[in-house]
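Engineer: sequence first, then the predicted structure, then my questions.
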Amino acid sequence: MSSQTLKYCPTCGAQIAANSQMCPKCGAIQPTYLGEATRSVGKLQVDPAIRDAASKKITAGICAIMLGSFGIHKFVLGLNTAGIIMALTTILTCGAGGIIMGTIGLIEGIIYLTKSDDEFYETYIVDKKSWF
C-alpha cells in the first residue's frame, strides 16, 4: 500500500487504500464522496449513486417547497411511511394539518437544497433520515 493514496476508515481509524469500498479491519462500508472521484483511463468518474442523489436532491427540494403538505418529496426520496403520514395528515384534517405539514415541507426543502451533494447522499439516501 506504500505507492497508493491512503485514507483513514471513519469507523475504526485504520489506514486503508483511498479507493477501498470496505475496511479490511472492521468491515465497515466506506462512504463515497463527490470529491473522491475514481480515475479510469485518464477520465474522472463521479460515483453514479451520488450523481443520482444530486438530481433527487433538487427534485425533492422543489417538491418539498411547492407541495410539502402532501409529502411528495418524501416519496421522491423513497421515505414512503413519512410521505403517507404527511399526506394523510393533510387530507384527514381537511387541509388544517396542511399548514403544519406545509411548513415542515418548506423547512425540509430549504435544508435539502442547502446541503452539499455528498452530505445529502449520506443523510437522506444512505442513512434514510425521515424528518428534518
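Structural biologist: Okay, I see it.
Engineer: from here on, just use CA atoms for contacts and neighbour counts.
Structural biologist: Will do.
Engineer: any figure for the gap between residue 117 and residue 97?
Structural biologist: 31 Å (Cα to Cα, to the nearest Å).
Engineer: neighbour count for those two, which is higher?
Structural biologist: Using other Cα atoms under 10 Å as the criterion, residue 117 and residue 97 rank with residue 117 on top: 23 against 17.
Engineer: nearest spatial neighbour of the more buried one, chain-adjacent residues omitted?
Structural biologist: Sequence neighbours aside, residue 54 is the residue nearest to residue 117 in space, at 5.5 Å (criterion: Cα to Cα, 6 or more residues apart in numbering).
Engineer: ok, and what's touching the strand or helix carrying the one you found?
Structural biologist: Using DSSP states H and E, residue 54 sits in helix 48-67. Contact partners of helix 48-67, identified using Cα atoms under 8 Å, 6 or more residues apart in numbering, comprise 33-34, 71-74, 76-77, 102, 105-113, 117-118, 120-121, 125.
Engineer: if we go to 6 Å?
Structural biologist: Taking contacts as Cα atoms under 6 Å, 6 or more residues apart in numbering, the residues outside helix 48-67 that touch it are 73, 76, 105, 106, 109, 112, 113, 117, 121.
Engineer: looking at the residues you listed, which one is closest to residue 16?
Structural biologist: residue 121 (22.4 Å; Cα to Cα).
Engineer: what about residue 59, distance to residue 72?
Structural biologist: On the measure of Cα to Cα, residue 59 and residue 72 end up 10 Å apart.
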